[in-house]
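Asks: give me the fold of what follows.
(one chain, ligands or ions: 1)
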Amino acid sequence: ATANIGVVGLAVMGSNLARNLASREGNTVAIFNRSHDKTEHLVAEHPEAEFVPTFSYEEFAASLTVPRTAIIMVKAGAGTDAVIEELLKVFEPGDIIVDGGNALFTDTIRREKAVRETGVNFVGMGVSGGEEGALLGPSLMPGGSDESWVTLGPILRSIAAVAEGEPCVTHVGHDGAGHFVKMVHNGIEYADMQVIAEAYDLIRRATGKTPAEIADIFAEWNTGDLESYLIEITAEVLRQVDADTDKPLVDIIVDQAGAKGTGGWTAQTAIDLGVPASGIAEAVFARSLSSHPEQRATTGVLPGPAEEFTAFDADAFVEQVRLALYASKIVAYSQGFDIIRAGAAHYGWTIDLGTVAAIWRGGCIIRARFLNRITEAYAESADLPVLMTAPFFREALAASQDAWRAIVATAAASGIPSPVFSSSLAYYDGLRAGRLPAALIQGQRDFFGAHTYKRVDKDGTFHTLWSGDRSEVEAVDTH
Ligand code: 6PG
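Replies: From the prediction side, this is the model:
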């Protein structure tokens, strides 16, 4: 046995991760794929890499030094269970199976429990950064046992992206914690992409600027507070011209956004945990709305405002949009961290929120300048109830909220959909509100279902005899 690490599943992500591993000092990488030609192909294409090609699970296990450590890189779902089953036949107690797919964290909890019973360690690991990240340095979010981290830590540190001298990997927490955090990363990714899309749409429709001109605006934004990978690639996409038609590519691409599910999982999980992650959920729904052409064929059927909006001062409008984007982005991250906080409490994980922000600074899709500010916010106050109340974000919101309101008002008045800009603002104002009309909802619930309510002036649970004499009685709390 010569390999200290193995990779099962050699599609693009798996091949790239295997090449990344092999390129780092001290790693020898056993590789296995169900169809053998992929394995042979990878070895032939990359003679420089220290691969040990294997063609059966027995051979794969025999080529690994103990504790045997294998990273599974197959499409999340039933395939993952099948590979785990095969590995368990040839692995021994103390060995480590890592699932690097985009697994649903509850599947990871289930798998970890089942695998642990055999004495083998199971690590669900979030991998972000796409194909390029896998090859050059991803952000890695492993969960699993402390024991597995001892072996895995140095290997993962060797391949992760590096941000400000630190590898973008940490032992996130036990069992499903890593995949949970990766899921929330993707939820934030959805919201971040949507707010960028809303900014582009508003600028285009209100100023008439071309995609290439808007590309320049995004490139400029990428030198300031908004500096991030997604802003950077937005400029590139907007600048792209279609070779066939000579038109901006963005005008040729069908306007129906796909989704592989992780954003939806984040929204669903937020609902299950009672976390108001409205911006993230709206971003998921915005994609769903786009993907229903049969429902969208309502132009001219559903009335809109009489006139289209044209910005009087284009530069001032663009700056307002930038501020609205920044504020909405802060809300998305704040909501995302709220989900992680609530998930950790619910599932019993110890997750260091500041470190999560730190390992997202490099390699991953949502890498952004202000992640350091999130780390600082949690360093100052680890049990911050809402991230955006931390001084840095509070000040940023104070400086942007007027523009944010103006943009949401303009979007509403002129019939330009801005679901995440506007729902994020409603969330912000909801948190600010001294009193919410939730009191009225409690009254309604008590009226039709005797669901009871609490009073502001004394302890206890109460019910009004709505269909009787409307006097109030103390009630047993039934929620
Ligand atoms: C990442 C990405 C990655 C993938 C998403 C895309 O962090 O590298 O999030 O995991 O590109 O799953 O998701 P959708 O297909 O749902 O947009």
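Asks: buried stuff in the biggest helix by length in the chain?
Replies: Counting residues, the longest helix found in the chain (DSSP state H) is helix 314-347. Within helix 314-347, the residues that qualify as buried are 317-318, 320-344, 347, counting by 16 or more other Cβ atoms under 10 Å. C-beta here means a position set from N, CA and C on the backbone, and glycine is covered the same way.
Asks: which parts of the stretch 51-200 of the chain sit against the ligand?
Replies: By Cβ under 6 Å from any ligand atom, the residues of the stretch 51-200 of the chain that approach the ligand are 102, 128-130, 185-186, 189.
Asks: same question for the stretch 301-450 of the chain.
Replies: Within the stretch 301-450 of the chain, the residues that sit near the ligand (Cβ under 6 Å from any ligand atom) are 364-365.
Asks: ranges for the helices of the stretch 301-450 of the chain?
Replies: Along the stretch 301-450 of the chain, counting by DSSP state H, counting those that start in this stretch, helices occupy 314-347, 353-359, 371-380, 391-414, 419-432, 438-449.
Asks: elements contacting the last one?
Replies: Contacting helix 438-449 under the criterion 3 or more Cβ pairs under 8 Å, 6 or more residues apart in numbering; DSSP states H and E are the following elements: strand 462-464.
Asks: what residues of the strand it packs on count as buried?
Replies: Across strand 462-464, burial judged by 16+ other Cβ under 10 Å covers 463-464.
Asks: for the helix or strand of the chain with the lowest mean pLDDT, what is the distance to the chain centroid?
Replies: Lowest on mean pLDDT, DSSP states H and E among the helices and strands of the chain sits helix 293-296, with a mean of 90. Centroid separation for helix 293-296 versus its chain: 28 Å, with Cα atoms, centre = their mean, to the nearest Å.
Asks: and that helix, what does it pack against?
Replies: Secondary-structure packing of helix 293-296 (3+ Cβ pairs under 8 Å, 6+ apart): helix 278-290.
Asks: now the helix it packs on - C-alpha only, CSV.
Replies: Provided in CSV are the C-alpha atoms of helix 278-290 (Å, rounded to 0.1, in the frame of the first residue of the first chain):
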residue,chain,number,x,y,z
SER,A,278,-37.0,35.2,3.3
GLY,A,279,-34.4,36.6,0.9
ILE,A,280,-32.9,33.1,0.3
ALA,A,281,-36.4,31.7,-0.2
GLU,A,282,-37.4,34.5,-2.6
ALA,A,283,-34.3,33.8,-4.6
VAL,A,284,-35.3,30.2,-5.0
PHE,A,285,-38.9,31.2,-6.0
ALA,A,286,-37.5,33.8,-8.5
ARG,A,287,-35.8,30.9,-10.3
SER,A,288,-39.0,28.9,-10.1
LEU,A,289,-41.1,31.8,-11.5
SER,A,290,-38.6,32.2,-14.4
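Asks: what about that helix, distance to the chain center?
Replies: That offset, for helix 278-290, works out to 13 Å (Cα atoms, centre = their mean).
Asks: who's in contact with that helix?
Replies: The contact list for helix 278-290, computed with Cβ atoms under 8 Å, 6 or more residues apart in numbering, reads 187-188, 190-191, 193-195, 197, 255-259, 263-264, 266-267, 270-271, 295-296, 328, 331-332, 335-336, 339, 417, 419-420, 423-424, 426-427.
Asks: what's the local residue count around the residue of the chain found nearest the ligand?
Replies: Closest contact between the chain and the ligand, by Cβ to the nearest ligand atom, is at Ser128 (3.1 Å). Look at Ser128: counted by other Cβ atoms under 10 Å, it has 25 neighbours.
Asks: so who does the residue lying closest to it once chain neighbours are set aside touch?
Replies: Nearest residue to Ser128 in three dimensions, chain neighbours excluded: Cys364, at 3.6 Å (Cβ to Cβ, 6 or more residues apart in numbering). In this structure, Cys364 makes contact with 128-129, 133, 138-139, 161, 168, 185, 229, judged by Cβ under 8 Å, 6+ apart.
Asks: among those residues, name the ones in helices.
Replies: Counting by DSSP H, the contacts of Cys364 place 133, 185, 229 in helices.
Asks: not counting its neighbours along the chain, what's nearest the first one?
Replies: Read it as Gly133. In this structure, Gly133 finds its nearest non-sequential neighbour in Gly363, 5.0 Å apart by Cβ to Cβ, 6+ apart.
Asks: and Arg432, what does it touch?
Replies: With contact taken as Cβ under 8 Å, 6+ apart, Arg432 is in contact with no other residue.
Asks: one more time with 10 Å, if that's ok
Replies: Going by Cβ atoms under 10 Å, 6 or more residues apart in numbering, Arg432 touches 397, 401.
Asks: and for Leu156?
Replies: Per Cβ under 10 Å, 6+ apart, neighbours of Leu156: 5, 21, 71, 98, 123, 125, 138, 140-142, 149, 167-171.
Asks: among those, which are located in strands?
Replies: 5, 71, 98, 123, 125, 140-142, 167 (DSSP state E).
Asks: what is the nearest of these to Arg455?
Replies: Using Cβ to Cβ, Met141 is the member of the ones in strands among the contacts of Leu156 that lies nearest Arg455, at 44.7 Å.
Asks: any idea what the closest one is bridged to?
Replies: Gly126 (DSSP bridges).
Asks: I figured it hits Gly129, correct?
Replies: No. Contact criterion Cβ atoms under 10 Å: Met141 and Gly129 do not qualify, at 11.1 Å.
Asks: so which of those two has more stuff around it?
Replies: Met141 (31 against 24).
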